[in-house]
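Visitor: Predicted structure and sequence below. I'll ask about it afterward.
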Amino acid sequence: MIEADHGLLSKWNSLVEECVEGTIFHDLNWLRIVEKHTGSKLYPMIAFKGDEIVNVFPLFQQNEFTFLKTVISPHLRSHVPYLGPLFPHFNEYKQDKKDSISRGSQDAFNELIRRMNAKYVEIVFSPGFLDMRPFQWNGYDVIPRYTYMQTLGDVKSVWNGFKKELRKNINNAEKKGVTVSEGTKTDVSFIYASVHQRLEEQEQSLDMPYQYFYDLCEVFHPKNLRIFVAEHNKENVGGVIVTCYNRRVSMWFGSVRAELRGLYPNDLLHWSVIKWACEQGFKEFEIVGANSPTMSAFKCRYNLDLKLYFSVSKYSPQFLKYARSAYAKTLIPAKNKLFRSRIKPRERARAPTSASEA
């Protein structure tokens, strides 16, 4: 397993497109933006079997808590739900070759982690890749995770699959004058501020600056990122950034609950994106994340299918797990509280006013 040089990097995005589990998050430009805004070091790794490229593996290295050298994929603060390795043409192989590639890739990965002297490793795989045996055999904790995803057919079939209460909310929002339309990059400021405020109310921190999301939209909008905004009485009441890659549209960032009694603009927002995806010929729709009881209660009303994916993690040595946990429970909450008291949401969400600022 080697770090991709200039020649291999020129092939990176094409290799990602060849993989069934490939996502926009694997795109080299996306990875570079994550690296820039997290202060981490990106390692775009590639593994060979003979002359054949069999593994494309984006990794980030960062020293966490001053004492813990981590290797992670995706970066923990990037708001990327999954990343991990990709195996070009993997589904075309017979099982013996799949096993051979998996074991060889794992051996190369183990050697890489040893050379990097990583004390904590965490990998979250893209939905669809299910063979976690090599990581289990090498002492990693393997955790199942879930997201909501469904193959798109005709719009009427999707609508009929919704919970009755959800259909009522959508119709009511339309009757009361809520409208949904495609937004522009200037609407990223509103979406960011909405998420920031919601997390503040929950005494949590967003962790990433507004400029991170703006930079992503500068590069990927409108081909791979689209922005949708809900309005009521000429005011924004909801918004979301969705990813569009290959056959799939995913609700990625935004869509926080609006404080409007008896009005549910986010229900209409989701439905509008689903209709748009059907009209544009996309084959899959995803509402990212089904791992929280609270969020699942909202998302399950769309009656999408549960899609399984996995995360794996390992501490070396094991006692660092408990040291990290103690640090997280004591110092991080205090740090976040101080951070929130010093930075106002409007200042963090301010959109660039000129090209030089962007």
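Guide: Yes, it's here.
Visitor: Around residue 4, how many other residues sit close by?
Guide: The number of residues packed near residue 4 is 20, by other Cβ atoms under 10 Å. To be clear about C-beta, it is placed using only N, CA and C from the backbone, and glycine gets the same treatment.
Visitor: Report the separation between the closest residue to residue 108 other than its chain neighbours and residue 82.
Guide: Distance criterion Cβ to Cβ, 6 or more residues apart in numbering; nearest residue to residue 108, sequence neighbours excluded, is residue 1 at 3.7 Å. According to Cβ to Cβ, to the nearest Å, residue 1 stands 20 Å off from residue 82.
Visitor: and those two? which has more neighbours close in?
Guide: The residue with more neighbours, out of residue 1 and residue 82, is residue 82; 23 against 20, by other Cβ under 10 Å.
Visitor: What confidence value was assigned to that one?
Guide: Reported pLDDT at residue 82 in the predicted model: 97.
Visitor: Test my guess that it contacts residue 126.
Guide: Yes - Residue 82 lies in contact with residue 126 (Cβ atoms under 8 Å); the separation is 5.0 Å.
Visitor: For these two, list the residues in contact with both.
Guide: Listed as contacting both residue 82 and residue 126 by Cβ atoms under 8 Å, 6 or more residues apart in numbering are 23, 309.
Visitor: before we move on, the earlier item: mind checking how far the residue nearest to residue 108 is from residue 49?
Guide: Taking Cβ to Cβ, one finds residue 1 at 11 Å from residue 49.
Visitor: Which residue ranges of the stretch 201-350 of the chain form helices?
Guide: Assigned by DSSP state H, counting those that start in this stretch, the helices in the stretch 201-350 of the chain fall at 210-220, 265-279, 293-299, 320-342, 345-349.
Visitor: from memory the residue nearest to residue 108 sits against residue 106, does it?
Guide: No - using Cβ under 8 Å, residue 1 is not in contact with residue 106; the gap is 10.1 Å.
Visitor: can you pull out the strands in this protein?
Guide: Secondary structure of the chain (DSSP state E): strands at 2-3, 41-49, 52-64, 68-73, 120-124, 141-151, 179-182, 225-232, 235-245, 248-254, 284-287, 305-315.
Visitor: Relative to residue 298, which of those is closest?
Guide: strand 284-287 (8.9 Å; Cβ to Cβ).
Visitor: Who is residue 72 paired with across the strands?
Guide: residue 60, residue 122 (DSSP bridges).
Visitor: For it, which residues are in contact?
Guide: Residue 72 neighbours (Cβ under 8 Å, 6+ apart): 59, 60, 61, 62, 120, 121, 122, 123.
Visitor: do that again at 10 Å, thanks
Guide: Residues in contact with residue 72 (Cβ atoms under 10 Å, 6 or more residues apart in numbering) are 38, 40, 59-62, 64, 78, 83, 118, 120-124, 313.
Visitor: Check pLDDT for those residues and point me to the minimum.
Guide: residue 64 (67).
Visitor: At the geometric centre of this structure, which residue sits there?
Guide: Nearest to the mean C-alpha position of the chain, by Cα atoms, centre = their mean, lies residue 80 at 2.5 Å.
Visitor: What does the pLDDT read for the closest residue to that residue other than its chain neighbours?
Guide: Excluding its sequence neighbours, the residue lying closest to residue 80 (Cβ to Cβ, 6+ apart) is residue 74, at 3.8 Å. Residue 74 carries a pLDDT value of 97.
Visitor: Which one of the contacts of residue 72 is nearest to residue 21?
Guide: Among those, and counting by Cβ to Cβ, the member closest to residue 21 is residue 83, at 10.2 Å.
Visitor: if I look at the closest one, how far off is residue 311?
Guide: 10 Å.
Visitor: Could you do residue 118 as well?
Guide: 16 Å.
Visitor: Then residue 273?
Guide: 27 Å.
Visitor: which one of those two has more residues nearby?
Guide: residue 273 (22 against 19).
Visitor: Hmm, residue 228 and the more buried one touching each other?
Guide: Yes - counting by Cβ atoms under 10 Å, residue 228 is a contact partner of residue 273 at 5.6 Å.
Visitor: Identify the contacts common to the two.
Guide: 180, 182, 240, 242, 251, 255.
Visitor: give the contact list for the second one.
Guide: Spelled out, it's residue 182. 222, 226, 227, 228, 229, 272, 273, 276.
Visitor: which residues are in contact with both of residue 83 and residue 311?
Guide: If you check residue 83 and residue 311 against Cβ under 10 Å, 6+ apart, the residues they both contact are 123, 124, 125.
Visitor: what number of residues lie near the second one?
Guide: Spelled out, that is residue 124. Around residue 124 there are 20 residues (other Cβ under 10 Å).
Visitor: Now do the contacts for it.
Guide: Residue 124 sits in contact with 72-74, 76, 80-84, 143, 145, 309-313, where contact means Cβ under 10 Å, 6+ apart.
Visitor: Model confidence for the nearest residue to residue 4 once chain neighbours are set aside, exactly?
Guide: Distances taken as Cβ to Cβ, 6+ apart place residue 44 nearest to residue 4, at 4.5 Å, with adjacent residues excluded. Per-residue confidence (pLDDT) for residue 44: 97.
Visitor: Please apply the same query to residue 170.
Guide: 96.
Visitor: From residue 210, how far out is it?
Guide: Relative to residue 210, and taking Cβ to Cβ, residue 170 is found at 30 Å.
Visitor: could I get the shared contacts of residue 83 and residue 311 as TSV with distance to residue 164?
Guide: Output for those, formatted as TSV (distance: Cβ to Cβ, whole Å):
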residue	distance to residue 164
123	40
124	35
125	35
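Visitor: Looking at these, which is nearest residue 261?
Guide: Among the shared contacts of residue 83 and residue 311, and counting by Cβ to Cβ, the member closest to residue 261 is residue 124, at 37.5 Å.
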